[in-house]
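1. Return a 3D structure for these sequence lines:
(one chain, ligands or ions: 1)
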Amino acid sequence: MLIKKPDDIRSSEITAQSVYLDRRRFIAQLGLAGAAAGIGLQQVVTPPEACAEQQIPNLTKSPLSTSEKVTPMTDVTHYNNYYEFSTDKEGPAELAKNFRTQPWSVTIDGAVAKKQKWDIDSILKFAPSEERIYRHRCVEGWSIVVPWVGFSLSELIKRAEPLGKAKYLEFTTILDPRQMPGQDRNVLQWPYVEGLRMDEAMHPLALLCFGMYGQTLPNQDGAPLRIVVPWKYGFKSAKAIVRIKFTEKQPINTWNLSAPNEYGFYSNVNPNVDHPRWSQKTERRLGEFFKRKTLMFNGYDQVANLYAGMDLKKNF
Ligand code: MTE
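-> As a prediction, this is how the structure comes out:
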């Protein structure tokens, strides 16, 4: 994001990513062959990256899903932006594997009738779990299609009983440098903070997310609770949330604080507004070679009315 230009990413990183994943598959196959040749079945069925994800029962399919081809799970779970663990895309999968997500609670405060602390298990019972297949585009120019699991963020907002003066939501990630080595570095100001306007947060597409590919979220993808806002660049979708504050004023989000001329508050996917250092007209799906055109609001036209009359070049 701040550190690398997409030119670098295009020529080295994204190509390197596919090579990297192919290499992983190759090594995995070698491992399987080796194991089959005599190391023992026990080792074959328990690969080192096997973690504590659990199957989520009774998933309903969401009509909000795209029918596009889903990105392979290994790609989505081994090419991550999660600066609390690493600035390398391949780092979080390994560095987050022992991250503790139990017990976990989320503090609800600010302009709400009932300030409270919700345990993660009670949040998960707010509504039936849905599988929602969304396009997700990173500001750096890569994109993925993921079957997320969760339900609309509005389900939580309703239960928080926001006061009339609550105009925004501020999401804060856990601050725990003992578990998150990246928080010892000043690459960003910690904890990671993101924000949404109330009407954006109430839009049915805004997802409170606790799973992907039918299972609980892998740590590197934001376990145990994150948001997914599919019409915005990926950095708006904060991971490992421990606090949701309802505010009167627009929150200051971490990337905006870090580079205000590069990362705005709104950060809607917009092919007509270039990043100061690169074009946003095209993107590359993980695992694909050719680029595709980036769509306004990432193709989620149903949110356009949220921004009627706004200058989206100014409010980038
Ligand atoms: N949330 C936290 N707490 N820390 C981060 O570094 N990175 C963001 C977003 N949420 C980030 C975060 C960025 S830049 C992107 S593109 C997405 O997470 C990536 O989500 P994924 O790794 O699940 O694909």
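
2. does the ligand sit close to stretch 81-88?
-> Yes: applying Cβ under 6 Å from any ligand atom, one finds stretch 81-88 in contact with the ligand at Asn81, Tyr82, Tyr83, Glu84. For glycine as for every other residue, the C-beta is placed from the backbone atoms N, C-alpha and C.

3. Any idea which helix or strand in the chain has the lowest mean pLDDT?
-> Least confident helix or strand of the chain, by mean pLDDT, DSSP states H and E, is helix 41-45 with a mean of 34.

4. downstream neighbour of it in the secondary structure list?
-> Using DSSP states H and E, the next helix or strand after helix 41-45 towards the C-terminus is strand 60-61.

5. Paired strands for that next one, with orientation please.
-> Applying DSSP bridges, strand 60-61 is found paired with strand 130-137 (parallel).

6. what sits up against the strand it pairs with?
-> Residues from elsewhere that reach strand 130-137 (Cβ atoms under 8 Å, 6 or more residues apart in numbering): 59-62, 64-68, 70, 143-151, 205, 207, 214, 228, 230, 233-234, 237, 269, 283, 294, 298-299.

7. buried set for stretch 191-208?
-> Across stretch 191-208, burial judged by 16 or more other Cβ atoms under 10 Å covers 191-198, 200-203, 205-208.

8. Repeat that for stretch 270-288.
-> Asn270, Pro271, Val273, His275, Gln280, Glu283, Arg284, Arg285, Leu286, Gly287.

9. Check stretch 308-315 too.
-> Leu312.

10. re the thing from before, which of the buried residues of stretch 191-208 lies closest to the ligand?
-> Tyr192 (3.7 Å; Cβ to the nearest ligand atom).

11. Against Glu84, how distant is that closest one?
-> Taking Cβ to Cβ, to the nearest Å as the measure, Tyr192 falls 7 Å from Glu84.

12. again, but for Trp278
-> For Trp278 relative to Glu84 (Cβ to Cβ), the value is 25 Å.

13. how many other residues sit next to the residue in the chain positioned nearest to the ligand?
-> In the chain, the residue that lies nearest the ligand is Gly234 (2.6 Å; Cβ to the nearest ligand atom). Gly234 is flanked by 21 other residues according to other Cβ atoms under 10 Å.

14. Name the nearest residue to Pro230, ignoring sequence neighbours.
-> Nearest non-adjacent residue to Pro230, counting by Cβ to Cβ, 6 or more residues apart in numbering: Tyr134, 4.0 Å away.

15. in the sheet, who's paired with that neighbour?
-> In beta-bridge terms (that is, DSSP bridges), Tyr134 pairs with Val146.

16. Just confirm Gln116 contacts Ser105, I think it does.
-> No: applying Cβ atoms under 8 Å as the test, Gln116 and Ser105 come out as separate, 9.5 Å apart.

17. Phi first, then psi, for Glu94.
-> phi -80, psi -50 (degrees, to the nearest 10).

18. how many neighbours does it have?
-> Neighbours of Glu94 using other Cβ under 10 Å come to 15.

19. before we move on, what about Ile252?
-> 13.

20. End to end on stretch 98-106, go ahead and measure it.
-> Length of stretch 98-106, first residue to last, Cα to Cα, to the nearest Å: 20 Å.

21. sorry, back to before: select only the buried ones of the residues of stretch 81-88 next to the ligand in ChimeraX?
-> The buried residues among these can be selected in ChimeraX (16+ other Cβ under 10 Å) with this line:
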select :81,82,83,84
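
22. Could you dump the residues of stretch 81-88 next to the ligand into JSON lines and include pLDDT and secondary structure?
-> Output for the residues of stretch 81-88 next to the ligand, formatted as JSON lines (pLDDT from 0 to 100; DSSP: H, G, I helix; E, B strand; the rest coil):
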{"residue": "Asn81", "pLDDT": "98", "secondary structure": "coil"}
{"residue": "Tyr82", "pLDDT": "98", "secondary structure": "strand"}
{"residue": "Tyr83", "pLDDT": "98", "secondary structure": "coil"}
{"residue": "Glu84", "pLDDT": "98", "secondary structure": "coil"}
